[in-house]
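Asker: quick one: sequence plus predicted model below, questions after.
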Amino acid sequence: MMKRAIRTLLLFVGPCLVLSACAGGSSLHVPGDLARPSRAVAPASGAPQVVVADFSFAAAPGGVVGRDFDSVRPIVWKGEPGKAMADLVAGVLRESGVAAVRRGADAQGAEAVPVRITGVVRRFEVNARRTGLSVVTEATVSLTVAAHGPGQYGPSEQSVTSSVSLRDLFVTPDDLREALMSTANAAAEEAARKLLEAKVVSPSS
């Protein structure tokens, strides 16, 4: 009976130790890029009405976006949060029927587009810490977007913050990406919703 109990324990603990060893290292990397959930979207008609420029972001050295507190190591993402969040916001606007296009930070070629959207990514982070027998992975994204264009008395600013947390036995790169992508998309959707409600952008007729 004792041997059977030991074998059962090893069957559970063994894979856990392997996963823990695989997760170890000087840093933990978030894989892939951020993306919108795939869905059928009818293209907006007419000329572009909104141009979304790269958002600004004060990046940490080495692409650090958080910390795995259990293993005392940084969490790194090789993407560019400013460009990624601008892509997501533009994507949500297009899904809402707004004729939106993307440009670089200087938004060259945007002179003929009525509305220009700029933004600042204030927080873009994902952290992991053990709580009891599980690890909580929490991501937070905070940004401010502003609309500029003729007929507006200065830029119209909207700020949003989104957070999400996941639980697992161990921190994994896939959990980090899922948490970060979920909260980034939620922040982009809320920012676009506020711009639409403020009527600084509108669907193409």
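Answerer: Received it, and whenever you're ready, just let me know what you need.
Asker: check which helix or strand the most centrally placed residue in the chain maps to.
Answerer: Centroid check for the chain by CA atoms, centre = their mean gives residue 184 as the closest residue, at 2.7 Å. According to DSSP states H and E, residue 184 maps onto helix 173-197.
Asker: what helices or strands is that helix leaning on?
Answerer: strand 28-30, helix 81-95, strand 115-131, strand 134-148, strand 156-168 (3 or more CB pairs under 8 Å, 6 or more residues apart in numbering; DSSP states H and E). C-betas here are computed from N, CA, C, even on glycine.
Asker: just want the angle from it to strand 134-148.
Answerer: On the basis of axes from the mean of the first three to the mean of the last three CA atoms, to 10 degrees, helix 173-197 is oriented at 30 degrees to strand 134-148.
Asker: buried residues in helix 173-197?
Answerer: 175-192, 194-196 (16 or more other CB atoms under 10 Å).
Asker: and for stretch 164-173?
Answerer: Quick answer for stretch 164-173 (16+ other CB under 10 Å): 164, 166, 170-172.
Asker: relative to the whole chain's centre, how far out is that stretch?
Answerer: 16 Å (CA atoms, centre = their mean, to the nearest Å).
Asker: got it, and stretch 67-85?
Answerer: Centroid separation between stretch 67-85 and its chain, computed with CA atoms, centre = their mean, is 11 Å.
Asker: what comes into contact with that stretch?
Answerer: Taking contacts as CB atoms under 8 Å, 6 or more residues apart in numbering, the residues outside stretch 67-85 that touch it are 23-30, 33-34, 54-57, 59, 62-66, 105, 119, 121, 124, 126-130, 135, 141, 143, 171, 176, 180, 184, 187-188.
Asker: next, the distance between the ends of it.
Answerer: Its first and final residues considered, stretch 67-85 spans 21 Å by CA to CA, to the nearest Å.
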